[in-house]
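Student: I would like the atomic coordinates for the input below:
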Amino acid sequence: MAGLEVKSSGLLFLGNGQQNNFAFDFGKVPPGSSWIRPCVNHTSFSDRNAQLEYVSEFSFWDFNDPIPPFWGVTLRATGNSEFIFTLVLVTP
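Tutor: Coordinates of the predicted model:
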């Protein structure tokens, strides 16, 4: 059955020069035809030239699972940043 599941954090903060991982676990093994996509929505920066950079995306799963149920991103801030992290699971 087709579906869309969205998990979203509250307002998060990452200080200038900091790097951190942000992830969600959907708590189930999605069907193999599903896909997961992370998204970061910037809300405010305290510095004029501040940026929030994607460093990497990562996932963890057992080798028998068709796609990983746990997915996340590593972000780095170049300036104080407030943002919301969202993860979307789409099942066709």
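
Student: show me what the lowest-mean-pLDDT helix or strand in the chain pairs with in its sheet, parallel or antiparallel.
Tutor: When each helix and strand of the chain is scored by mean pLDDT, DSSP states H and E, strand 35-45 comes last, with a mean of 77. In the sheet, strand 35-45 lines up against strand 81-91 (antiparallel) (DSSP bridges).

Student: quick one: mean pLDDT over the strand it pairs with.
Tutor: Average pLDDT, strand 81-91: 87.

Student: who's the residue nearest to the spatial centre of the chain bridged to?
Tutor: Centroid check for the chain by CA atoms, centre = their mean gives P38 as the closest residue, at 4.0 Å. Beta-bridge pairing for P38 (DSSP bridges): L87.

Student: spit out the contact partners of it.
Tutor: When contacts are counted by CB atoms under 8 Å, 6 or more residues apart in numbering, P38 is found next to 57, 71-73, 85-88. (Glycine included, C-beta is placed from N, CA and C.)

Student: again, but for F83
Tutor: Listed by CB under 8 Å, 6+ apart, the contact partners of F83 are 11-12, 14, 40-43, 52.

Student: now with 6 Å, please.
Tutor: Applying CB atoms under 6 Å, 6 or more residues apart in numbering to F83 gives the contacts 12, 40, 42-43, 52.

Student: how about K28?
Tutor: Taking CB under 6 Å, 6+ apart, one finds nothing in contact with K28.

Student: tell me the SS of it?
Tutor: What DSSP: H, G, I helix; E, B strand; the rest coil gives for K28 is coil.

Student: got the angle for the helix or strand where E5 lies vs strand 35-45?
Tutor: E5 belongs to strand 3-8 when assigned by DSSP states H and E. Angle, strand 3-8 to strand 35-45, by axes from the mean of the first three to the mean of the last three CA atoms, to 10 degrees: 30 degrees.
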